[in-house]
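Q: Please work out how this folds:
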Amino acid sequence: MSQREWADKDFYKVLGVEESASKASIKKAYRKLAQRYHPDANKGDAKAEQRFKEVSEAHSILSNDPKRKEYDEMRSLIAAGGQRFYGFRPGRGGDGVRVNIGDLGDVFGGGGGSLFEDLLGGMGGPTAPRRGRDAETEVTLGFDEAVSGTTVTLPDAGRVRIPAGIGDGSRVKVANKGEVDPIGGPGDLFVKVRIEPHPVFSLPGNSNLEVNVPVTYPEAALGAKITVPTLDDEVTVKLPPGTPNGKRMRVRGRGLPKATGGTGDLYVVVQIEVPQHLSKAEREALERFAEVHKDNPREVLDQRLNRATKAS
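A: So this is what the prediction gives:
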């Protein structure tokens, strides 16, 4: 939707919120209206479907800070008498108003040029071509597809190559497949990749591989050598004494092949397992350990609270 079309729409009224409404208020109003008019809850009701589209459109503008700022600036211009511009005739007297579009862009922080060119597009003056807005879509891949790379077919972009080793949540740019501006070229399309979970591995991106590895408390406290699986074999990793839970350790070159050459890394995330059932001997051993281990790890909480109190 172009900025010129915005002039005839009151998105705040559509959502039933004040112009000063916070993002949280806008989100709350949108959720309430979307639930009421959602097509699934109003099957066959054309009016409800249209209302749902209007609510979604208003939310897409008002929940996006740059778009909302642009929309508010345009409404302010119109409220100040900008309606006269629709009857503008370049180079003629009477009620005509000479406007330098570049100056308007400067007034609104350098970002208003395209907005006012669109709004005043009927004046007959030249307008500079500009790119359309970027668009985003989402695809879900199987784990093996993400590891080896694949090609997906999208309705508006055709065949798109997804590189091997891509991470969950990464985006692939497809040039010139976004929204098309009426007086300019298309923007870009960004394909957001979601990856179906694997029972053992995850893909953080950049051809790296990640695995959560359970270890016992003695292994973490005393140090140990543990065997960790990779996609095609296994590797031995040395845990240093005192390894904390959640520690992320890198094994270089044991990830996935890179398209540009070389191999990504394997990241081992330590997960200390707390035993749920103890034998008599295990319990007695832990009780003896508790007697001699006098450190209180929660003391750091008091220290942080004291520092925060002094700072305030």
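Q: Give me the pLDDT value at Arg250.
A: Listed pLDDT for Arg250 reads 98.
Q: do Arg36 as well
A: 89.
Q: and the helix or strand harbouring it, what other elements does it pack with?
A: Assigned by DSSP states H and E, Arg36 falls within helix 23-37. With contacts taken as 3 or more CB pairs under 8 Å, 6 or more residues apart in numbering; DSSP states H and E, helix 23-37 sits against helix 11-15, helix 46-62. (C-beta placed from N, C-alpha, C; glycine too.)
Q: Work out the gap between stretch 294-312 and the centre of the chain.
A: 35 Å (CA atoms, centre = their mean, to the nearest Å).
Q: which parts of it are buried?
A: Neighbour counts over stretch 294-312 (16 or more other CB atoms under 10 Å) mark no residue as buried.
Q: Only C-alpha atoms, please: export that stretch in CSV.
A: C-alpha atoms of stretch 294-312 as CSV (Å, rounded to 0.1, in the frame of the first residue of the first chain):
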residue,chain,number,x,y,z
LYS,A,294,31.3,-25.3,53.1
ASP,A,295,31.0,-22.8,50.1
ASN,A,296,27.7,-21.1,49.7
PRO,A,297,27.1,-20.2,46.0
ARG,A,298,24.2,-18.0,46.9
GLU,A,299,26.4,-15.5,48.7
VAL,A,300,27.0,-13.8,45.4
LEU,A,301,23.3,-12.8,45.3
ASP,A,302,23.7,-10.8,48.6
GLN,A,303,26.8,-9.1,47.2
ARG,A,304,25.0,-8.1,44.0
LEU,A,305,22.0,-6.8,46.0
ASN,A,306,24.3,-4.8,48.3
ARG,A,307,26.0,-3.2,45.3
ALA,A,308,22.7,-2.4,43.6
THR,A,309,21.4,-0.8,46.8
LYS,A,310,24.5,1.4,47.2
ALA,A,311,24.4,2.5,43.5
SER,A,312,20.8,3.6,43.9
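Q: before we move on, back to that, want to try a markdown table for the helices and strands packed on helix 23-37, with mean neighbour count, mean pLDDT and distance to Lys173 as columns?
A: Listed next are the helices and strands packed on helix 23-37 as a markdown table, based on neighbours: other CB atoms under 10 Å; pLDDT from 0 to 100; distance: least, CB to CB, whole Å:
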| stretch | mean neighbour count | mean pLDDT | distance to Lys173 |
| --- | --- | --- | --- |
| helix 11-15 | 20 | 91 | 29 |
| helix 46-62 | 17 | 87 | 21 |
